[in-house]
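Trainee: any chance you can model this:
(2 chains, ligands or ions: 1)
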Amino acid sequence: MLLAVRKFLASKWAKVFVFLLSLVPLLLLVWRGFRGDLTANPVEFLQHQTGDWTLRFLIFTLCITPFRKLLNLPEVIRFRRMLGLFAFFYVCLHFLTYLGPDQSFNVAGMLKDVAKRPFVTVGFAAFVLLIPMAITSTAGWIRRLGGKRWQALHRSIYICAILGVIHYYWLVKSDIRKPLFYGMLVGILLIWRLAAWFGKPKAPAVAHSVPVRPS
Amino acid sequence: MLIKLASVLALADSTRKEAYFNRRSFLRGLGIAGAATVVGERFSSLLSPSTTAFAGTKLTTIKSNYRVDEKISSENDVTHYNNFYEFGSDKGDPAKNAQNFRTSPWVVSVEGEVKTPRKFSMDEILTLAPLEERIYRHRCVERWSIVVPWIGYSLSTVLKLVEPSPKAKYVAFESFYDPKQMPQARYTGLAYPYVEGLRLDEAMHPLALLCVGMYGETLPNQDGAPVRMVIPWKYGYKSIKSIVKIRLQSSEPPTSWNRQAPNEYGFYSNVNPNVDHPRWSQATERRLGEIYMHKTLMFNGYSDQVASLYSGMDLKKFH
Ligand code: HEM
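Mentor: Coordinates of the predicted model:
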């Protein structure tokens, strides 16, 4: 069973599968759009849905390493770049719902609003921070930057996720359950990461070769 | 009816010099009482027994001059996208979760600094005055807006009946709250029961509508059945839903959103494009059913009628 899973995870179909799965939220929105089923306030609905999915994909991306280590599934690392790029894809859509319907594509007005509203400032900062990561997500860029520098840059995804949570927390009116929930997830991932760093500095990347317990 | 008529007369006879108890309102009061007798007969036969479901009953209305000449929002949009935090904080929640809300029997207590405190049954409220259909703009603090044909009459009708004492300077409202029927409420971050308030002169303003219906029928549960306020020049949360208590008092009453975040939601909460919410601009709004934003009007477009209530006030400070 486990072998079959690992074989699938290593196959090219797994990538196609994860790719299609990541498109499902978008396809659902398109489908609902065709059916005229985007609530009474479609712009707000799309804005919220794309915002939610941005945050979720950031968290999926952050889950990869713990997932890989805890379950001893080195293969899942193959999906990390794709998930990160989907987070970027959804934040672009999210940003467009703001730049277009909210700000009427007026860039100067948009920047003024970004500067004025802390919750938008924070979201915008996360968005801007994602851009260099998206650009340097290719193998060529890893080579050009060198592994160390590349990794340092891409660690800022943690900051994006934290900023995303603050953005969410600041925009809700009084029901803070969802931002707290996402905040908790990001917090756990961060603590896990820090523990891993401080627990065993220079942890060898071969940890996954330890055999798993049969289940 | 005789009793009601007598109390209206007594009210007009009194020598108090409150600005709103003038000759004209006395005459209007007579008219209302007279009309109410006629309409009242019609309604008491229509609505007995009073235990019938409230929502969705057709209402007979007279035309009102309070009608904005703008496209009325889709009824489905208005009834399936709104805030009624007792039933959850998502705007689709009220329509889902308020379906079995029991709104009958229902009593509204009008009390406090008044000469004749009174408990009104829903049947009484429906028959105190002819029901008017008024088409108002309605602007949410979250920057969406709607145009709705509400049904009701000015709250002043009721306030005049109970005769505010000279000490009465404010009106406090309280919503129904039952955690058993509203299990979602406790997760929404507000303290319940929901409370709201107006200055007495605001409450006496003819635009301040005591509302029992919309789109030709009694209020759907999710929109504040069986009786709510609609104050078109203020942000939506001032228009308190499912009212059980109206209390006149000398001091400014606490209000739910102000208690929750005093710097974001003031007591007055007049629609004002020049005073931003700390987290977003109030200069524009989105009509449900539209994509782009358009300009928000001062007092939601009711400046001519209500601006004088606030003359000399710093509307930034008293936001
Ligand atoms: C990594 C970056 C970002 C993340 C993770 C994110 C996430 C979110 C989330 C989760 C929501 C709330 C969704 C809901 O209520 O269900 C939201 C709403 C929103 N976001 Fe973002 N966002 C990001 C970037 C941005 C940017 C760049 C902008 C604009 C410059 C922006 C503007 C907004 C606006 C206007 C709302 C709606 C606020 C409201 O309803 O009043 N966000 N975002």
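
Trainee: which SS class is A:L194?
Mentor: helix (DSSP: H, G, I helix; E, B strand; the rest coil).

Trainee: confirm that A:S104 sits in a helix.
Mentor: No: using three-state DSSP, the secondary structure at A:S104 is coil, not a helix.

Trainee: confidence score at it?
Mentor: A:S104 carries a pLDDT value of 89.

Trainee: what's the answer for B:D276, then?
Mentor: In this model, B:D276 is scored at 88, pLDDT.

Trainee: what distance do you get for it to B:A208?
Mentor: To B:A208, B:D276 is 25 Å away according to Cβ to Cβ, to the nearest Å. Using the backbone N, CA and C atoms, a C-beta is placed for each residue, glycine as well.

Trainee: before we move on, which element is B:S109 in?
Mentor: Secondary-structure assignment from DSSP states H and E places B:S109 in strand B:107-112.

Trainee: tell me the strands beside that strand, with direction?
Mentor: Paired with strand B:107-112 in the same sheet, following DSSP bridges, are strand B:118-121 (antiparallel), strand B:243-249 (parallel).

Trainee: helix, strand or coil: sort out the residue sitting nearest the centre point of chain B for me.
Mentor: For chain B, the residue sitting closest to the mean C-alpha position, by Cα atoms, centre = their mean, is B:M229 at 0.9 Å. Put simply, B:M229 is strand when judged by three-state DSSP.

Trainee: wait, what's in contact with it?
Mentor: By Cβ atoms under 8 Å, 6 or more residues apart in numbering or on different chains, the contact set of B:M229 is B:L155, B:F173, B:E196, B:A208, B:L209, B:L210, B:C211, B:K238, B:S239, B:I240, B:I243.

Trainee: cool, and B:V107?
Mentor: By Cβ under 8 Å, 6+ apart, the neighbours of B:V107 are B:K119, B:F120, B:S121, B:M122, B:V244.

Trainee: these also near the ligand: which ones?
Mentor: Near the ligand, judged by Cβ under 6 Å from any ligand atom, there are no entries from the contacts of B:V107.

Trainee: mind putting the residues you listed into JSON lines with pLDDT?
Mentor: Formatted as JSON lines, the contacts of B:V107 follow (pLDDT from 0 to 100):
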{"residue": "B:K119", "pLDDT": "97"}
{"residue": "B:F120", "pLDDT": "97"}
{"residue": "B:S121", "pLDDT": "96"}
{"residue": "B:M122", "pLDDT": "96"}
{"residue": "B:V244", "pLDDT": "98"}
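
Trainee: and which of these is nearest chain A?
Mentor: B:V244 (22.1 Å; Cβ to the nearest Cβ).

Trainee: which residue, neighbours along the chain excluded, lies closest to that closest one?
Mentor: B:F176 (4.8 Å; Cβ to Cβ, 6 or more residues apart in numbering or on different chains).

Trainee: and the one you found, how far is that from B:L159?
Mentor: Going from B:F176 to B:L159 by Cβ to Cβ gives 20 Å.

Trainee: for the nearest residue to B:S303 once chain neighbours are set aside, phi and psi?
Mentor: Sequence neighbours aside, B:L297 is the residue nearest to B:S303 in space, at 7.5 Å (criterion: Cβ to Cβ, 6+ apart). Main-chain dihedrals, B:L297, degrees, to the nearest 10: phi -100, psi 150.

Trainee: tally of neighbours for B:L297?
Mentor: Per other Cβ atoms under 10 Å in any protein chain shown, the neighbour tally for B:L297 reads 17.

Trainee: that one reaches B:D304, doesn't it?
Mentor: No: judged on Cβ atoms under 8 Å, B:L297 makes no contact with B:D304 at a distance of 10.9 Å.

Trainee: OK, now which residue of chain B is nearest to the ligand?
Mentor: B:W280 (6.1 Å; Cβ to the nearest ligand atom).

Trainee: OK, contacts around that residue?
Mentor: Neighbours of B:W280 in contact, by Cβ under 8 Å, 6+ apart: A:R117, B:R143.

Trainee: where in the chain is pLDDT low?
Mentor: This is for chain A. Where chain A drops to pLDDT under 70, the residues are A:200-215.

Trainee: ah, no, chain B please
Mentor: In chain B (pLDDT under 70), the answer is B:1-54.
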